[in-house]
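1. with the sequence up front, the predicted model follows.
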Amino acid sequence: MGESSKSWQRIALLSVVTAAGVFAAVYLGDTLYHELLEGLGFSHSMGDALGASLAVTLAFVVHHALSIARYHDAIYGVERALIQEREVIGQHQVVAAEVGKSLDQVPHLNSILVGQLNAVTEQTEAAALGMVERLQAVDAVVQRLDEVVQHFSDESSHIVDEANSRAARNQETLQALQSYIHSRLENVSEEQEHVMSALNEAKSLAQFVNLVRDISGQTNLLALNAAIEAARAGEAGRGFAVVADEVRKLAGQTDQAVLKINEGIDRVVNTIESKFRAQLDQTISNAEEDALRTVVVQFGEVSQNYNELLTHEGKMLSVIRESSGHLGAMFMETMASVQFQDVTRQQVGHVIEALERLDEHVLKLSACLSGQGAVSDIPAMTEQIDRLFESYVMQRERDEHARRSGRAAPAVSSGAGDGPPVELF
């Protein structure tokens, strides 16, 4: 209940009490009053007028006395309330003055905060630009590395192609060598058979030579017997003795020829054996076969090792190429993440704009408190908050604003994206 209502209640109560007192006094003292007036020689009309004046005066005195007695002042306790109100107003004025001084300092504080935010923006921008420069240097190295890898990959691919061609030729050579070994072994076997056949044929001639020698011996013996018989026959056997002698001579020549033939056969056999001893030696043939097969195996192992080396080199090239691509992708991701500075700069810019509007609002409040402005000139704080919300360009700002203010963030259309285009540095 307000002080004005209490004052009216007090006035009404005192008025009722005063009216009742005056009514009782007039009612009880009316006879005595008129007798007194008649004794003094006043007329009836004059007595009523004088009585009314006395009644009003009495009512005022009683009313004033009751106010002093009840509320300790002559105006129904309003004076004390006025004094208290003046004290409260004085206190309010002191508080308003202090608040005004504090409000006057808010723009200065906001200016400091804006300066700090600008310094943070400049520092983060300088750091981001430094990161960009270093990343650009890294990008140049990565591009150079990629070019080297690509060049090395091209050369390696060419080398691998040539190596594959060489390996194919080596495989053909290996197959030809295996065919040669097989043919060589067959030829050696055939040569052995031919030489052995020739030796056997040559040795078989010795039998015929021995047969001729036996025939020659028998012929010589027969010629000797014929000569003996011719000698016995005397003159008649002389012609037969001549024939026998010729036969004996022929047998002797035959025997000498047989000896020479036998010697020639021995020389031929010895010559063949000495000349083809290596071909006839089976141990040497086996050693040659083993050596050739060892060459084939070693050649195959060399070819296999070469193919494994090519495969390993291809895997290394694939890993290097993949690592180079992965490094390039990581670099692009890092370049994209550096854009955080621009997002931070725009968010700080929105905060600075809000602080500047807050400065204007505080100055208007200070002017209103000092009596130099009107309350109608001060916009509602909700309008300031709405203007701040409308200045956002990123959905994350809207979401955070909505979470802090307890309002629902408006849905952003799919075509709107995340607000107006963000200016990147």
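-> Ah, there it is.

2. all helices for this structure, in order.
-> In the chain, the helices defined using DSSP state H lie at 3-40, 44-71, 78-233, 238-275, 277-280, 282-337, 340-369, 381-390, 395-405.

3. avg pLDDT for the last one?
-> On average, the pLDDT along helix 395-405 is 77.

4. and it, what does it pack onto?
-> Where contact means 3 or more Cβ pairs under 8 Å, 6 or more residues apart in numbering; DSSP states H and E, helix 395-405 is packed against helix 381-390. Quick note: C-beta positions are derived from backbone N, CA and C, even for glycine.

5. list the buried residues of the helix it packs on.
-> For helix 381-390, a neighbour-count test (16 or more other Cβ atoms under 10 Å) marks Leu388, Phe389 as buried.

6. show residues contacting that helix.
-> Defining contact as Cβ atoms under 8 Å, 6 or more residues apart in numbering, one finds that helix 381-390 is touched by His350, Glu353, Ala354, Arg357, Leu358, His361, Arg398, His401, Ser405.

7. measure how that helix sits relative to helix 340-369, angle-wise.
-> If you take axes from the mean of the first three to the mean of the last three Cα atoms, to 10 degrees, helix 381-390 sits at 160 degrees to helix 340-369.

8. OK, contacts around the closest residue to Pro379 other than its chain neighbours?
-> Spatially, and ignoring its direct neighbours in sequence, Pro379 is nearest to His361 (7.1 Å; Cβ to Cβ, 6 or more residues apart in numbering). His361 makes contact with Ile378, Pro379, Met381, Gln384, according to Cβ under 8 Å, 6+ apart.

9. can you tell me which of the helices of the chain the model trusts least?
-> Looking at the helices of the chain, the bottom one is helix 277-280 with a mean of 56.

10. picking up where we left off before, ok, now how distant is the residue nearest to Pro379 from Cys368?
-> According to Cβ to Cβ, to the nearest Å, His361 and Cys368 sit 11 Å apart.

11. what do the two both touch?
-> Common neighbours of His361 and Cys368 are listed as Ile378 (criterion: Cβ under 8 Å, 6+ apart).

12. just curious, which of the contacts of His361 is nearest to Gly115?
-> Nearest to Gly115 among the contacts of His361 is Gln384, at 21.7 Å by Cβ to Cβ.

13. before we move on, back to that, of the contacts of helix 381-390, which is the most crowded?
-> Arg398 (20 neighbours; other Cβ atoms under 10 Å).

14. from Ala354, how far out is that one?
-> 14 Å.

15. cool, Arg387 as well?
-> 9 Å.

16. please apply the same query to Ala380.
-> According to Cβ to Cβ, Ala380 and Ala354 sit 15 Å apart.

17. correct me if wrong: Leu224 contacts Arg248.
-> Yes. Look at Leu224 against Arg248 with Cβ atoms under 8 Å: they come within range, at 6.4 Å.

18. who has more neighbours, the two?
-> Neighbours were counted for Leu224 and for Arg248 using other Cβ under 10 Å; Arg248 has more, 18 against 15.

19. which non-adjacent residue is nearest the more buried one?
-> Spatial nearest neighbour of Arg248, chain neighbours left out: Ala223 (3.5 Å); criterion: Cβ to Cβ, 6+ apart.

20. ok, the one you found - contacts?
-> By Cβ under 8 Å, 6+ apart, the residues touching Ala223 are Ala244, Asp245, Val247, Arg248, Ala251.
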